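Undergrad: Based on what follows, work out the 3D shape:
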Amino acid sequence: MLLALAKRLCGQGGIDPEDLVQEALTRGLLHHGLLSAQPEPVYRAWLCRALTNHFLDQCRKRRSELLEQDRPELRLVRDAVAAPEPQAKESWEHISEQDFRNAIAQLANPRVREAYSLHASGLRYRAIAQRMGVPEGTVGSWLYQARKELKALLLPLIGSGDGGGGA
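TA: Numbering: from 1, shown residues only. Next comes the predicted model:
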């Protein structure tokens with residue numbers, strides 16, 4: 001299924017469909033803990049979304065590379081912007097999957113917790129709203145609240161007050 005989707009997306013565009021499938025499966029394995037509790041259709045949809053997102057990332061990257069060929073000064077700007085901030089990355093690496101799950105379990109409002117869990121499993125706002133019987137705007141508000149609470153819960157675990165990268 002994933003290979004067929006990848007071939008359909010790539011066409012003759014020069015992006016290897018098998019690389020897209022490999023990346024989608026790798027991302028699926030990294031999130032297996034959250035996805036394994038979901039029904040198979042949700043897991044499949046999540047993998048398809050990961051594959052499509054990676055395809056779009058590759059397209060954007062190729063477009064940027066083509067622009068760089070025409071304008072070398074863009075390479076200098078891109079390299080300066082793309083330089084990783086090692087402090088932020090190192091800080092968030094201290095949070096384990098179990099720490100993250102514990103923080104989700106500590107979200108004050110059970111509806112906010114449920115909405116966040118559904119979103120983390122790959123569902124879009126509309127699907128979450130339909131499943132929970134609320135407007136999409138409410139889902140957006142709950143997800144904002146969840147991220148804000150998670151950030152507050154997780155910051156002490158990284159030993160930094162600057163926020164690093166966002167929850």
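
Undergrad: I'd guessed Leu150 sits against Leu107; true?
TA: Yes - if you go by C-beta atoms under 8 Å, Leu150 and Leu107 touch, sitting 7.3 Å apart. Bear in mind the C-beta positions are built from the backbone N, C-alpha and C, glycine included.

Undergrad: okay, and the common contacts of these two?
TA: Tyr116 (C-beta atoms under 8 Å, 6 or more residues apart in numbering).

Undergrad: Break the protein into its domains for me.
TA: For the chain, automatic domain parsing gives the domain ranges 1-83, 85-167.

Undergrad: Make JSON lines from the ones you listed and add mean pLDDT to it.
TA: Converted to JSON lines, those look like this (pLDDT from 0 to 100):
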{"stretch": "domain 1-83", "mean pLDDT": "79"}
{"stretch": "domain 85-167", "mean pLDDT": "81"}
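
Undergrad: I'd like these as a markdown table, with mean neighbour count appended.
TA: Formatted as a markdown table, these follow (neighbours: other C-beta atoms under 10 Å):
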| stretch | mean neighbour count |
| --- | --- |
| domain 1-83 | 14 |
| domain 85-167 | 15 |
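
Undergrad: Return the backbone torsion pair for Gly14.
TA: Backbone torsions of Gly14, given as degrees, to the nearest 10, read phi 90, psi 0.

Undergrad: distance of the closest residue to it other than its chain neighbours from Gln12?
TA: Nearest non-adjacent residue to Gly14, counting by C-beta to C-beta, 6 or more residues apart in numbering: Arg62, 7.7 Å away. From Arg62 over to Gln12 the distance is 14 Å, taken as C-beta to C-beta, to the nearest Å.

Undergrad: for this protein, what spans make up the helices?
TA: Secondary structure of the chain (DSSP state H): helices at 2-10, 17-30, 32-35, 40-70, 73-82, 86-92, 97-105, 110-120, 125-132, 136-158.

Undergrad: ok, Ala108 touching Leu150?
TA: No - using C-beta under 8 Å as the test, Ala108 is too far from Leu150 to be in contact (11.3 Å).

Undergrad: Now Ile15. Its backbone dihedrals?
TA: phi -100, psi 130.

Undergrad: Over to Ser36?
TA: Ser36 adopts backbone torsions of phi -60, psi -20, taken as degrees, to the nearest 10.

Undergrad: so who does the closest residue to it other than its chain neighbours touch?
TA: Closest residue to Ser36 apart from its sequence neighbours, by C-beta to C-beta, 6+ apart: Tyr43 at 7.7 Å. By C-beta under 8 Å, 6+ apart, the contact set of Tyr43 is 28, 35-36, 122.
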